[in-house]
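# Provide a 3D model corresponding to the input given below.
(2 chains)
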Protein chains: 2
Amino acid sequence: MRIGILGTGTVGRTLAEGFVRTGHDVSMGTRDVHATTVRRLNSTPRSFADWMAENPTVALADLASTAGAAQLVVNATSGANSLAALDTAGATNLSGKVLIDVANPLDFSGGLPPTFTVLDTDSLGEQIQRAFPAARVVKTLNTINASVMTHPDLLPEPTTLFVSGDDASAKEVASGLLGEFGWNDVIDLGDISTARGTEMWLGLWTRTMTALGTPTFNLRIVR
Amino acid sequence: MRIGILGTGTVGRTLAEGFVRTGHDVSMGTRDVHATTVRRLNSTPRSFADWMAENPTVALADLASTAGAAQLVVNATSGANSLAALDTAGATNLSGKVLIDVANPLDFSGGLPPTFTVLDTDSLGEQIQRAFPAARVVKTLNTINASVMTHPDLLPEPTTLFVSGDDASAKEVASGLLGEFGWNDVIDLGDISTARGTEMWLGLWTRTMTALGTPTFNLRIVR
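Model prediction:
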């Protein structure tokens, strides 16, 4: 599948590597291609260009071209920038496509742990679905750290993911891609409003991360 | 230990049975002893008096007497009523005591799923600690349904609980009581502000319950 990932941060690069590994044709979209190329990664001497050299099949382009050429789009931008980035990508370029939203509505302006821009009465997933009604939004993967997203086998036991979305076939497509990464326990929570649940989970996730001293964990729903 | 449970609903009764089973001296506190005694349980013909007949060692008294006579107090009132009930129980009767808070700040006035009265900037646990500074508040057990609280073995695999509180020795006491129920994986999240995390988890808990069709589940933190 031709997958377009919007966002070139850790989450975007991790998903790009994962989708290449599972046989997909991956391109990444960014606001400013040149600035992204020369950017240093996580305060290391390594640049995005170095990462691209190691992942030569991944294309880099602007947001609109990436979304337009893709069959399926992933929103891997930060939650605070997601609506603006998707707007730049263009409603027409998202129309009719599965749009996997992995972002969270976190506000880091007050330090750690972050607060939220929406919580129990709305969600970023719903905001995106409302802003792009012709896109088939599926909220998923937002409940875990990037390290685990494409490598559930990093953890010693199987764990759980969730999908939320109004379009059942879009959720099936997303669950299929998750299955290729090794995710076998994916709970369909229901329509896109259930994204409030997985986004609110970040409130416990951040504090559990602090207590454990690592972001490499996940929940398993035992029932 | 002499444990006083404030609240006579499903959670209070379940905890009472559990603490009796693990060898404690249990009393329950309610606003109106007579009204509680004749109350029907969950729209069944069974009354609270029937339940008391089946649990003859459990005493029933008003909130202040129950808190005053107890060595450890459990807040098992509904979140909306917790501060008022604890106020009636009396700050002096809570002073210096471990106060296990199992309530959640849920607002059911708009139907299901509930919204929250506080979320990422405050928690019911902190509100209680601020209102009763001499109590040693420990937030725990609020992440699961009553059915699982005293019977973690109802689930096919071990699962995880959390404790939040400013007083390390109070958290040890609470974790000890949890251990008697069979809880072996209890994560200390830190000070009472981390109760925001476990309270926000209810946003995902309620939607998972709907998706699974049962409240008998819990998360396991796999790391």
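# I figured A:Thr210 hits B:Gly190, correct?
Yes. Counting by Cβ atoms under 8 Å, A:Thr210 touches B:Gly190, with 6.8 Å between them. C-betas here are computed from N, CA, C, even on glycine.
# tally of neighbours for A:Ser169?
10 (other Cβ atoms under 10 Å in any protein chain shown).
# now it: which helix or strand?
helix A:168-181 (DSSP states H and E).
# coming back round to it: which neighbours do A:Thr210 and B:Gly190 share?
Contact criterion Cβ atoms under 8 Å, 6 or more residues apart in numbering or on different chains; residues shared by A:Thr210 and B:Gly190: none found.
# what are the ranges of the helices in chain A?
According to DSSP state H, chain A carries its helices in the segments A:10-21, A:33-38, A:48-54, A:63-69, A:82-89, A:91-94, A:124-131, A:146-149, A:168-181, A:195-200, A:202-212.
# report the central residue of chain A.
A:Val102 (2.7 Å; Cα atoms, centre = their mean).
# can you tell me which residues contact that one?
A:11, A:15, A:74-76, A:139-142, A:149.
# ditto for A:Gly23
Taking Cβ under 8 Å, 6+ apart, one finds A:Glu180 in contact with A:Gly23.
# distance of the nearest residue to A:Glu126 once chain neighbours are set aside from chain B?
Distances taken as Cβ to Cβ, 6 or more residues apart in numbering or on different chains place A:Ile192 nearest to A:Glu126, at 5.3 Å, with adjacent residues excluded. Distance, A:Ile192 to chain B, using Cβ to the nearest Cβ, to the nearest Å: 12 Å.
# got it, and A:Ala49?
34 Å.
# just checking, that residue touches A:Thr36?
No. Taking Cβ under 8 Å as the definition, A:Ala49 is not a contact partner of A:Thr36, at 9.0 Å.
# which one of those two has more residues nearby?
Legend: neighbour count by other Cβ under 10 Å for A:Ala49 and A:Thr36, higher for A:Thr36 (20 against 13).
# which pLDDT does the model give that one?
Among the per-residue scores, A:Thr36 holds a pLDDT of 97.
# sorry, back to before: give the buried residues for the helix holding A:Ser169.
Buried residues in helix A:168-181, counted by 16 or more other Cβ atoms under 10 Å in any protein chain shown: A:170-171, A:173-175, A:177-178, A:181.
# repeat that for stretch A:108-122.
A:113-120, A:122.
# first-to-last residue distance for that stretch?
In stretch A:108-122, first residue to last residue: 19 Å (Cα to Cα, to the nearest Å).
# now do that stretch: everything it contacts.
Contacts of stretch A:108-122 (Cβ under 8 Å, 6+ apart): A:79-80, A:105-107, A:124, A:127, A:196, A:199-200, A:202-203, A:206-207, A:210, B:115-116, B:119-121, B:197, B:200, B:203.
# pLDDT (mean, whole number) over stretch A:139-158?
The average pLDDT within stretch A:139-158 is 98.
# so who does the closest residue to A:Ser193 other than its chain neighbours touch?
Nearest non-adjacent residue to A:Ser193, counting by Cβ to Cβ, 6+ apart: A:Glu126, 5.9 Å away. Contacts for A:Glu126 (Cβ under 8 Å, 6+ apart) come out as A:192-193, A:195-196.
# now the end-to-end length of stretch A:190-210.
30 Å.
# same check, this time on stretch A:80-93
Taking Cα to Cα, the first and last residues of stretch A:80-93 lie 21 Å apart.
# over to stretch A:48-65?
19 Å.
# quick check, A:Ala135 in contact with A:Leu94.
Yes. Applying Cβ under 8 Å, one finds A:Ala135 in contact with A:Leu94, separated by 4.2 Å.
# quick check: neighbours shared by those two?
A:Val73.
# picking up where we left off before, want to throw the contacts of A:Glu126 into CSV with pLDDT and neighbour count?
Formatted as CSV, the contacts of A:Glu126 follow (pLDDT from 0 to 100; neighbours: other Cβ atoms under 10 Å in any protein chain shown):
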residue, pLDDT, neighbour count
A:Ile192, 98, 23
A:Ser193, 98, 19
A:Ala195, 98, 33
A:Arg196, 98, 28
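# nearest to chain B, of those?
Proximity of these to chain B (Cβ to the nearest Cβ) peaks at A:Arg196, which lies at 5.8 Å.
# excluding its backbone neighbours, what's nearest that closest one?
Nearest one to A:Arg196, counting by Cβ to Cβ, 6+ apart, is A:Ser123 at 4.4 Å.
# now do the contacts for the one you found.
So A:Ser123 contacts A:105, A:139, A:192-193, A:195-196, A:199 (Cβ under 8 Å, 6+ apart).
# let's see it at 6 Å
By Cβ atoms under 6 Å, 6 or more residues apart in numbering or on different chains, A:Ser123 lies in contact with A:195-196, A:199.
# one more: A:Thr37?
By Cβ under 6 Å, 6+ apart, the neighbours of A:Thr37 are A:48-49.
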